[in-house]
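Visitor: no letters, just coordinates:
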Ligand SMILES: O=C(O)CCC(=O)C(=O)O
Ligand SMILES: [Fe+2]
């Protein structure tokens, strides 16, 4: 028999957590929306090592669809416990090898179930210590992840805050004419990992065009998705557009398309659509990747930062 994957092992081990003293009483748990912020709720009193009731998981799913990010405080988990908790909400995101994403391994062609996001050389230093522009994970794949969890293990003294953007609010704040103009458009987001690979060794390693004009080459595969997507649980509409990588509107004039995208990107960046998270060790932030973007502030290279990410599979955006 082959050995179990980490995820199977986690579920295999789970029944021992169902002893009475490991079962969490739903009455212990409070979900408190962040006052005066554009999105987010804090979950207090939940220990993610414990077996959770159906009632609790259902409440959390509803709260995620409403508040878009859930912040769990004071967690202390090993990778299997983290996987077992996360998989209550969906299966692990596994892109195919021809759509590289953060942490895709050269031997398996996929990322590990638990991705270290760190600046320690050779230990998950996929994003280094620099700034990350507002993006949705895996947007350039056919079926991007519906959500991800980031768990803070080690934090720098300075910087490294992560900001989430509420793209439902960003869409809702557009004027009626712009909504009508964009409601049925399709957008291709080109794969930044294919771009980075093709630029390696050249000066513009980190630079990518913001918009592809039709006379420019296509790098990697192109998967059109709606520019305005509908949340599968709430039906609310959101802008599905990152603020920095190469994109293209399908069947649209180059110049007009690049101007429209630049205008929408400037709009998303308005401060009223965001919440900046100041990490504390033991935090887990679970975000809905379908209707949010996230970015990260830079931090000093010599200060260590380690978070662990689990991404959950999603459907084709509609
Ligand atoms: O390092 C961070 O705060 C965010 C990294 C990120 O974009 C991700 O894990 O998807
Ligand atoms: Fe990300």
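Guide: Happy to help now that I have it. Just so it is clear, the structure is predicted and the values come from calculations on it, not from any experiment. Residues are numbered from 1 along each chain as shown. Ligands and ions are numbered 1, 2, ... in the order given.
Visitor: which parts of stretch 214-228 are buried?
Guide: Applying a neighbour-count criterion of 16 or more other CB atoms under 10 Å, one finds 219-220, 223, 225-228 buried in stretch 214-228. Heads up, the C-betas are built off the backbone N, CA and C, glycines and all.
Visitor: could you pull up phi and psi at the closest residue to ligand 1 within the stretch 101-250 of the chain?
Guide: Nearest residue of the stretch 101-250 of the chain to ligand 1, counting by CB to the nearest ligand atom: residue 162, 3.7 Å away. Per-residue torsions, residue 162: phi -110, psi 130 (degrees, to the nearest 10).
Visitor: is the worst-scoring helix or strand of the chain on mean pLDDT anywhere near ligand 1?
Guide: Lowest on mean pLDDT, DSSP states H and E among the helices and strands of the chain sits helix 192-199, with a mean of 78. No: using CB under 6 Å from any ligand atom, helix 192-199 stays clear of ligand 1, with a minimum separation of 11.4 Å.
Visitor: can you give the distance of that helix from its chain's centre?
Guide: Remark: helix 192-199 is offset 20 Å from the chain centroid, using CA atoms, centre = their mean, to the nearest Å.
Visitor: and after it, which helix or strand comes next?
Guide: Using DSSP states H and E, the helix or strand that directly follows helix 192-199 along the chain is strand 224-226.
Visitor: can you list the residues that contact that next one?
Guide: 139, 144, 184-189, 240, 250, 316-318 (CB atoms under 8 Å, 6 or more residues apart in numbering).
Visitor: hmm, 10 Å instead?
Guide: Applying CB atoms under 10 Å, 6 or more residues apart in numbering, the external contacts of strand 224-226 come out as 139-144, 182-189, 237-238, 240-241, 248-251, 316-318.
Visitor: what helices or strands is whichever helix or strand comes after it leaning on?
Guide: Per DSSP H and E, the first helix or strand lying C-terminal to strand 224-226 is strand 228-230. Packed against strand 228-230 by the contact rule (3 or more CB pairs under 10 Å, 6 or more residues apart in numbering; DSSP states H and E) you find helix 167-172, strand 237-239.
Visitor: format these as CSV; extra columns: distance to ligand 1 and mean pLDDT.
Guide: CSV is the format used below for these (distance: least, CB to the nearest ligand atom, whole Å; pLDDT from 0 to 100):
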stretch, distance to ligand 1, mean pLDDT
helix 167-172, 15, 98
strand 237-239, 18, 98
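Visitor: out of these, the one nearest residue 309 is which?
Guide: Set against residue 309 and scored by CB to CB, the helices and strands packed on strand 228-230 come closest in helix 167-172, at 20.0 Å.
Visitor: quick one: that closest one to chain centroid distance?
Guide: Taking mean C-alpha positions (CA atoms, centre = their mean), helix 167-172 and its chain are 17 Å apart.
Visitor: for it, packing partners?
Guide: Applying 3+ CB pairs under 10 Å, 6+ apart, one finds that helix 167-172 contacts helix 176-182, strand 228-230, strand 237-239, helix 254-268, strand 292-296.
Visitor: looking at these, which is nearest to residue 153?
Guide: strand 292-296 (15.6 Å).
Visitor: just want the angle from that closest one to helix 254-268.
Guide: 80 degrees (axes from the mean of the first three to the mean of the last three CA atoms, to 10 degrees).
Visitor: and strand 292-296, what does it pack onto?
Guide: strand 132-135, strand 147-154, strand 162-166, helix 167-172, strand 237-239, strand 274-277, strand 284-288.
Visitor: does ligand 1 have contacts with it?
Guide: Yes: Strand 292-296 reaches ligand 1 (CB under 6 Å from any ligand atom) through 294, 296.
Visitor: close to ligand 1: what parts of the stretch 51-200 of the chain are there?
Guide: Within the stretch 51-200 of the chain, the positions lying close to ligand 1 (CB under 6 Å from any ligand atom) are 117, 127, 132, 137, 150, 162.
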